[in-house]
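Undergrad: quick check, what structure comes out for this input:
(3 chains)
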Amino acid sequence: MADYVKMWKDLGMDLESHDMLCQVLPTAVGDVFLTQENRPKAMDFWDLVISEVHGIRPAELIEAQKAGRKVFGTFCVFVPDEIVIALNGIVTGLCGGSQFWVPGGEAVLPKNTCPLIKASVGARLGRTCPFFRIADVYVGETTCDGKKKAYEILGQDVPMIIMDVPQMKRPKDILKWKDEIAEFAAKAEAITGNTLTVENLKAAIRTVNEKRRAMQRVYDARKSLTLPISGRDALLMTQISFFDDPERCAQMCNRLADELEQRIRDGVSVAKPGDRRILITGTPLAVPNWKLHNIIETSGAVVVCEEMCTGTRYFENLVDDSGETLDDLFMALAERYMKNNCACFTPNPGRVEDIIRLAKAYRADGVIDCSLKFCGLYDIEKRTVAEALKAEGIPVLPLETDYEDSDAGQLRTRIEAFVEMLNG
Amino acid sequence: MSARFGIGIDIGSTCAKTVAVDQGGNVVWRDLRPTGWSSVDTAAAIRRDLPEEIADGARFVATGYGRVSVPFADRCVTEITCHAKGAAALFGLSDLNVIDIGGQDTKLIVVTLGAVSEFAMNDKCSAGTGRFLEVMANTLSVSPAGLCDMAGRGGETRISSLCTVFAESEVINLIGRGAPRENIAWGVVDSVAQKVKTQAGKLRLGPGPLCLTGGLCDFPFVRARLEAAFNRPVRTNPDARFAGALGAALYALK
Amino acid sequence: MVRYYILFENYEQGLRLHELLDGAGVMNRIAPAPAAARGKLCCGMSLLVEADAIDAARDVIAREGAAHHSIVPMEDQLRPKRDRYC
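TA: Got it, this is the predicted structure:
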């Protein structure tokens, strides 16, 4: 096996700081995941991945790099993985879900920046995340002002490609996004030294579609009133899917879905009688951010769906692979990615429609709309979301939090009170 | 089978309130004491002081931020749910909007047909809470009660900062400029009312009246500024600081 | 409550024992090795075994000669409402 310490050293990581992170992770994983009873057996895979989160996959990536493949680090679900995969490159998510990295980010960013951005910058500059060290290039996108400016800082330290995500969804915006994808493809060709063809792009589209279908199958199982998997476990699956090989990810998700479907047939539920079903919507929950799910699921409720980038926004909508030219396929990609209803768009009626549709499909008793502190986009949109849900008669609890533990008590009070309210 | 007595213990950040009710919901015993450093010790002391004829065979519900520190409680219910129930009973209403200004947090609860239909709580920031008032009272070298009294004699003064830390430096500035303490006190109380009003903007208030509960209910000027901020009458009740404990006691009966 | 963590030199060892234990019907779960137990070991994974299953797990290890580093008892490791995240 790989000697991780040597690997981390070779990556130029700050081993002492990294060790502090390794100290806290087992406690959180134990409390959040291993206190659960009757988990699906297939979660073994994700338990292994999270136990070895900075070991197994980074070692694989380094091996692939030795074979000449390039690793693209991404921050956002707008970056089309298909392009990179078609060019025999590898896409990996980048860490950004821990308070551990926030102080490092605050050293160079204003305090009132969202914790996801502060953590990402801190993880890179503090040299405590192997994925940030391994990536040959980062691909950023213009989904918020904080990221746009943070990329300028990261760009001084690592090569960056920025994709300009449109702010509206008019036909001309979709065409503009198609051009962005084509331009990104050209840059990715230069980086990988490979050439994009209709064949390899179609194959990549099918690979990623397969992964999306597999994740959707797991989520579909959560629609059942016999709830076969906890929200925590489903979230972990989704979080890890950003880092894993897409084919293995599809295989593991399908294996999990097989078991979940069997559990539904066998009447095996992880929810206790009377547990309330909650849909969460809002800003992403990057690994290892499990606070919200854990609090909800230890307060008489279960999370049945995440309308989030670490949730349905990641895998809903497939890419049409029937195009005969690269231009057709770029257009198909543009159309699929522009279906994402991120709060960065104005107006953004699609998100409210999604939340209502998903709340009904997953039979949610209530919705928790939670944004990370200092995310103006999602925070402002809360009002629109709340009004639409109230009009539908769906109770909603708006929350705001960051990566610190210190507000856990206040979150518990609000969430317990919300559950008491749902219980009537 | 229901218990002979229901006992509600509301461990707030500043004070611990206890109410015991009989099966008819009549208050038969109550207690108010500072929470002190240890919620667990406070809860144990309350248990010791409870008359045995009430405690014997009673059911206990704990609420408030220290609700998990009451080992002998049969159940924990959040202060939001308890305040709603307690206020509905105190004011004899099933539709009302509760404003509870507590030591550490401020809650707005819309009660419809006797049940919580919506609520909002301040976030980590203590502006608009009893804590804010306490900090400002310290700065002015008076007690919180003294500050509220003084405020009634003051003239209109605005403190614009919604953050306790910044507001404190604003107050220090006002002191430096020789503003009368009464005026500053006026501004402090008004800023609490304004903050509560802002928080209410996120809710759809129900048709019932506004009812003030929590530790500030005894201060007429707080109520007056809230009425001005909401442009609606605000009711209160001398027992309103026991609303959470009363609600908990009533839940204990169930 | 005491639980046992079986530690390994590497995850391949860990997965092998995991399969052996599963095969023998001994309840065990993959868990990140608690920092206090791990010491200088670099392997992140361990197998978590409840007290009532540890003797059966030891039997399987002995019978199969399964490679592992050590078995460490730990008290009160799992607390769902501790609210210490990372």
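
Undergrad: separation between A:R414 and A:Q156?
TA: Applying C-beta to C-beta, to the nearest Å, the value for A:R414 to A:Q156 is 40 Å. For the C-beta atoms, the positions are set from N, CA and C on the backbone; glycine is no exception.

Undergrad: give me the more crowded residue out of those two.
TA: Counted by other C-beta atoms under 10 Å in any protein chain shown, A:R414 and A:Q156 do not tie: A:R414 has more neighbours, with 25 against 9.

Undergrad: show me which helix runs longest in chain A.
TA: helix A:198-221 (DSSP state H).

Undergrad: and it, what does it pack onto?
TA: helix A:81-86, helix A:231-241, helix A:246-266, helix A:312-315, helix A:326-337 (3 or more C-beta pairs under 8 Å, 6 or more residues apart in numbering or on different chains; DSSP states H and E).

Undergrad: can I get these in CSV with mean neighbour count?
TA: Formatted as CSV, the entries for those read as follows, by neighbours: other C-beta atoms under 10 Å in any protein chain shown:
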stretch, mean neighbour count
helix A:81-86, 26
helix A:231-241, 25
helix A:246-266, 19
helix A:312-315, 22
helix A:326-337, 20
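
Undergrad: where's the one residue in the stretch 51-200 of chain B that gets nearest to chain A, which helix or strand?
TA: Each residue of the stretch 51-200 of chain B has a distance to chain A, by C-beta to the nearest C-beta, and the smallest belongs to B:I80, at 3.7 Å. Following DSSP states H and E, the helix or strand that holds B:I80 is helix B:79-91.

Undergrad: relative to the helix or strand following that helix, what are the paired strands and their orientations?
TA: Next helix or strand after helix B:79-91 toward the C-terminus (DSSP H and E): strand B:96-101. Applying DSSP bridges to the sheet, strand B:96-101 is found paired with strand B:106-112 (antiparallel), strand B:210-214 (parallel).

Undergrad: ok, back up a step: got the CA positions of the longest helix of chain A in PDB?
TA: Once side chains and other backbone atoms are set aside, the C-alpha atoms of helix A:198-221 remain, and they are given as PDB (Å, rounded to 0.1, in the frame of the first residue of the first chain):
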ATOM      1  CA  VAL A 198     -17.500  13.300 -31.000                       C
ATOM      2  CA  GLU A 199     -16.800   9.700 -30.000                       C
ATOM      3  CA  ASN A 200     -14.800  10.400 -26.800                       C
ATOM      4  CA  LEU A 201     -17.200  13.100 -25.800                       C
ATOM      5  CA  LYS A 202     -20.300  10.900 -26.300                       C
ATOM      6  CA  ALA A 203     -18.600   8.200 -24.300                       C
ATOM      7  CA  ALA A 204     -17.900  10.700 -21.500                       C
ATOM      8  CA  ILE A 205     -21.500  12.000 -21.600                       C
ATOM      9  CA  ARG A 206     -22.700   8.400 -21.200                       C
ATOM     10  CA  THR A 207     -20.300   7.800 -18.300                       C
ATOM     11  CA  VAL A 208     -21.500  10.800 -16.400                       C
ATOM     12  CA  ASN A 209     -25.200  10.200 -17.200                       C
ATOM     13  CA  GLU A 210     -24.700   6.700 -15.800                       C
ATOM     14  CA  LYS A 211     -23.400   8.200 -12.600                       C
ATOM     15  CA  ARG A 212     -26.300  10.600 -12.500                       C
ATOM     16  CA  ARG A 213     -28.800   7.800 -13.000                       C
ATOM     17  CA  ALA A 214     -27.200   5.700 -10.200                       C
ATOM     18  CA  MET A 215     -27.300   8.600  -7.800                       C
ATOM     19  CA  GLN A 216     -30.900   9.300  -8.700                       C
ATOM     20  CA  ARG A 217     -31.800   5.700  -7.900                       C
ATOM     21  CA  VAL A 218     -30.400   6.100  -4.400                       C
ATOM     22  CA  TYR A 219     -32.500   9.300  -4.000                       C
ATOM     23  CA  ASP A 220     -35.600   7.700  -5.500                       C
ATOM     24  CA  ALA A 221     -35.400   5.100  -2.700                       C
END
